[in-house]
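Enquirer: here is the input, now give the coordinates:
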Amino acid sequence: MRRPLAAVAVVLAVAATATACNDNTKPADPAATGKGPAAQAPSAPAQGQGDGKSGAVGGKVTVKGNKSGEQLDVTLKNWADPAKSDNKYTPPKPGKKYVAAEFEIVNTGTAPYADSPQNSASVIDAQGQKTNASTLASVAEGASLGADLKLAAGQKATGWIVFTVPENDTVKTVQFAMNSGLASQPGQWAVKK
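Expert: Now for the predicted structure:
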């Protein structure tokens, strides 16, 4: 009885790992696709526009989690399209390129933040395709934000999150949502190449 259960557990673990290592591309919610100009590099910090949930490169947005006290101020500090791999052995696959977003995350809530920023970030291209972060990629533009981030109230962290997209793709929007991307109020920024 134990061997069949162990075999099932191994099969499920392999399936979960294979799923986590795919291209992470899925259709985006058309309503979430941002349009508009954005600076390539930040100049003066731009505050979020409208409901405080959207902005441009250099802009700060406040996002909330699903639980009481979960709140972050997230700034998209920089955008690299294309981004360069920092390791000659891990270039993007043929027909693909890396793009990367540098985030500053400040825990402005009362609850501790413990999550994977890579799970929280995604990009949306001009066709509305949503792509999640590439957790195994790192870039020459700077240090990775890390896969396991813990911030007490008032603490901050800065780093890059990498995405793998088709080589001719034009990313229009970067998104960040708490609770590994499952929170209902994502922040978003318009970007351009």
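
Enquirer: going forward, measure contacts between C-alpha atoms and count neighbours the same way
Expert: Fine.

Enquirer: give the contact list for S144.
Expert: If you count contacts by CA atoms under 8 Å, 6 or more residues apart in numbering, S144 has them with S138, G159, W160, I161.

Enquirer: hmm, 6 Å instead?
Expert: Applying CA atoms under 6 Å, 6 or more residues apart in numbering to S144 gives the contacts G159, W160.

Enquirer: mind listing the residues bridging to it?
Expert: Using DSSP bridges, the beta-bridge partners of S144 come out as W160.

Enquirer: and N78, by the same measure?
Expert: Bridge pairing for N78 - DSSP bridges - gives E102.

Enquirer: so it sits against E104, correct?
Expert: No. Counting by CA atoms under 6 Å, N78 does not reach E104; the two are 9.7 Å apart.

Enquirer: model confidence over stretch 78-85, on average?
Expert: For stretch 78-85, mean pLDDT is 96.

Enquirer: only alpha carbons, please: show it as CSV.
Expert: Once non-C-alpha atoms are left out, stretch 78-85 reads as follows in CSV (Å, rounded to 0.1, in the frame of the first residue of the first chain):
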residue,chain,number,x,y,z
ASN,A,78,13.4,50.6,-13.8
TRP,A,79,12.5,48.5,-16.9
ALA,A,80,14.9,46.6,-19.2
ASP,A,81,13.7,45.4,-22.6
PRO,A,82,15.7,43.4,-23.6
ALA,A,83,17.5,42.4,-20.4
LYS,A,84,20.9,40.5,-20.5
SER,A,85,21.4,37.2,-18.8
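
Enquirer: gap between that stretch and the chain center?
Expert: 13 Å (CA atoms, centre = their mean, to the nearest Å).

Enquirer: and it, what's buried?
Expert: For stretch 78-85, burial by neighbour count (16 or more other CA atoms under 10 Å) applies to N78, W79, A80, D81, A83, K84, S85.

Enquirer: again with stretch 162-182
Expert: Those would be 162-166, 169-181, for stretch 162-182 by 16+ other CA under 10 Å.

Enquirer: same check on stretch 104-116?
Expert: Using 16+ other CA under 10 Å as the test for burial, stretch 104-116 gives E104, I105, V106, N107, T108, G109, A111, P112, Y113, D115, S116.

Enquirer: contacts made by that stretch with the rest, please.
Expert: With CA under 6 Å, 6+ apart, stretch 104-116 has contacts from 69-75, 147-158.

Enquirer: quick check: the one residue sitting closest to the centre of the chain vs K60, distance?
Expert: Closest to where the C-alpha atoms of the chain average out (CA atoms, centre = their mean) is A121, at 1.9 Å. Distance, A121 to K60, by CA to CA, to the nearest Å: 15 Å.

Enquirer: right, and K172 touches D125 too?
Expert: Yes. Contact criterion CA under 6 Å: K172 and D125 qualify, at 5.2 Å.

Enquirer: about what we covered before: buried subset of the contacts of stretch 104-116?
Expert: G69, E70, Q71, L72, D73, V74, T75, K150, L151, A153, K156, T158.
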